[in-house]
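J.: Turn this into a model:
(one chain, ligands or ions: 1)
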Amino acid sequence: MTVLVLVDHDAGAPKKISNQILTAAREVGGGGVHAVVLGEGATASAEKLGDYGVTKAFVWDDGDADAFATEPRTAALVAALEQSAAPILLYPADPFITDVVARAAVRVEAGVVTDATDLELDGDTMIATKAIFGGEMASRCKVREGRPQFIGVKANAFTAEPGGASECQIVVLNVSLDDKTRRAEVIDTVEQEAGGRPEMTEASFIVAGGRGLGDAEGFKLIEELADALGAAVGASRAATDAGWYPHQHQIGQTGKTVAPQLYVGAGISGAIQHRAGMQTSQTIVAINKDADAPIFSIADFAVVGDLYKVLPPLIEEIRKRK
Ligand SMILES: Cc1cc2nc3c(=O)[nH]c(=O)nc-3n(C[C@H](O)[C@H](O)[C@H](O)COP(=O)(O)OP(=O)(O)OC[C@H]3O[C@@H](n4cnc5c(N)ncnc54)[C@H](O)[C@@H]3O)c2cc1C
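T.: Model prediction:
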């Protein structure tokens, strides 16, 4: 069965989440993998997709994809769905992409399952596992009515593995835009300040801080450790709500889902809503002065102590070893 994957990309390179979903499409779908790549740099991104087993990429490498809000991309996605005729579309569960996909779903009368963390094929139906109640339970969902089936996949649900190396045929989409698709124009974009650190959902290491830091100043220590490790900085909702760190760094049920190789949490209690966003991290190190803090129940390394005493020597030691 052919699976079509909507590939998100950055400056001509597919994003990590796209490679993860392509890997899932190859392994779970068990058939051919097609891709649809939209926006400036789409052709350069598509040329790299053969490494992940994509045999055909539908490309719309056009500035109009970025010059207007979601409408032109929706038109291009519908064109790709028609040409590919794949019964399943997998897409990254990202707010902007979800907006495009939702519009396309209405147009082609597709059924949609959002936020999948695992996939399994049953005949011609994709079964998606979703975490519910803050990750305490899992539900298995399928599209009963409406074809194709659209499944949104969360970041880090799968590990990206190149494979099925093939020549990727590039098919240029012919997208005709009318006045309706140009109704909402993008008049300005503001780059999020990255500060030279990796983006959280792409990072291999994350250092996160919580209310236990005491104030916004405390994040300087978190940033120092992050920079020593080459890590991204995360935060609990208590810390972002207090205005100590920007909201886009929030990890958890109402923040981002992360699954780095290493998660270090300092001054974070480990409330269920926070754990929902990080509990699949490979190695979890928690620093908390309360030995009964819930985060210790999922920690691989539990450090009971005052973070202001634990972190400075840790940072010093890491710097020495670099
Ligand atoms: C609908 C809903 C959605 C939510 N979504 C999210 C979400 O996405 N992400 C999220 O994080 N939260 C979320 N929350 C909030 C969540 O319930 C918790 O309130 C929040 O995670 C607590 O943040 P915290 O661990 O930083 O603070 P606290 O729970 O106050 O914990 C602070 C910890 O720091 C420790 N500490 C204090 N001083 C020190 C020190 N000097 N050294 C070491 N340790 C110290 C304390 O022992 C304590 O364990 C949500 C809540 C609701 C109701």
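J.: correct me, but residue 154 touches residue 114?
T.: No. Residue 154 is beyond contact range of residue 114, at 9.0 Å (criterion: C-beta atoms under 8 Å). Backbone N, C-alpha and C define where each C-beta goes, glycine included.
J.: Identify the residues contacting the lowest-mean-pLDDT helix or strand in the chain?
T.: Here the helix or strand of the chain ranked lowest by mean pLDDT, DSSP states H and E is helix 64-67, holding a mean of 88. Residues from elsewhere that reach helix 64-67 (C-beta atoms under 8 Å, 6 or more residues apart in numbering): 38, 39, 40, 42, 72, 73, 76, 177, 182, 185, 186.
J.: swap the cut-off to 10 Å and go again
T.: With contact meaning C-beta atoms under 10 Å, 6 or more residues apart in numbering, helix 64-67 is reached by 37-42, 71-73, 75-76, 100, 175, 177, 181-182, 185-187, 189.
J.: in the stretch 1-150 of the chain, which spans are helices?
T.: Secondary structure of the stretch 1-150 of the chain, counting by DSSP state H, counting those that start in this stretch: helices at 16-29, 42-46, 64-67, 71-84, 95-108.
J.: What mean pLDDT does the first one get?
T.: Per-region confidence: helix 16-29 scores 94 on mean pLDDT.
J.: Taking helix 95-108 as reference, get the angle to that helix.
T.: Angle of helix 16-29 versus helix 95-108, following axes from the mean of the first three to the mean of the last three C-alpha atoms, to 10 degrees, is 50 degrees.
J.: picking that back up, could you single out the most deeply buried of the helices of the stretch 1-150 of the chain?
T.: Most buried of the helices of the stretch 1-150 of the chain, by mean neighbour count (mean count of other C-beta atoms under 10 Å): helix 16-29, with a mean of 24.
J.: what does this structure put close to the ligand?
T.: 210-212, 236-239, 250-255, 267-269, 271, 273-274, 277, 287-290, 293, 306-308 (C-beta under 6 Å from any ligand atom).
J.: Using neighbour counts, trim those residues to the buried set.
T.: When the residues of the chain next to the ligand are checked for burial by 16 or more other C-beta atoms under 10 Å, the buried set is 210-212, 236-239, 250-253, 255, 267-269, 271, 273-274, 277, 287-288, 293, 307.
J.: mind checking how far residue 242 is from residue 210?
T.: 10 Å (C-beta to C-beta, to the nearest Å).
J.: for the stretch 201-322 of the chain, which spans come out with low pLDDT?
T.: Counting by pLDDT under 70, the stretch 201-322 of the chain shows no low-confidence range.
J.: where do the contact lists of residue 242 and residue 210 overlap?
T.: With C-beta under 10 Å, 6+ apart, residue 242 and residue 210 have common neighbours 235, 236.
J.: residues in contact with the residue lying closest to residue 93 once chain neighbours are set aside?
T.: Nearest residue to residue 93 in three dimensions, chain neighbours excluded: residue 152, at 3.9 Å (C-beta to C-beta, 6 or more residues apart in numbering). Residues near residue 152 by C-beta under 10 Å, 6+ apart: 6, 21, 89-94, 97-98, 101-102, 112-116, 128, 130.
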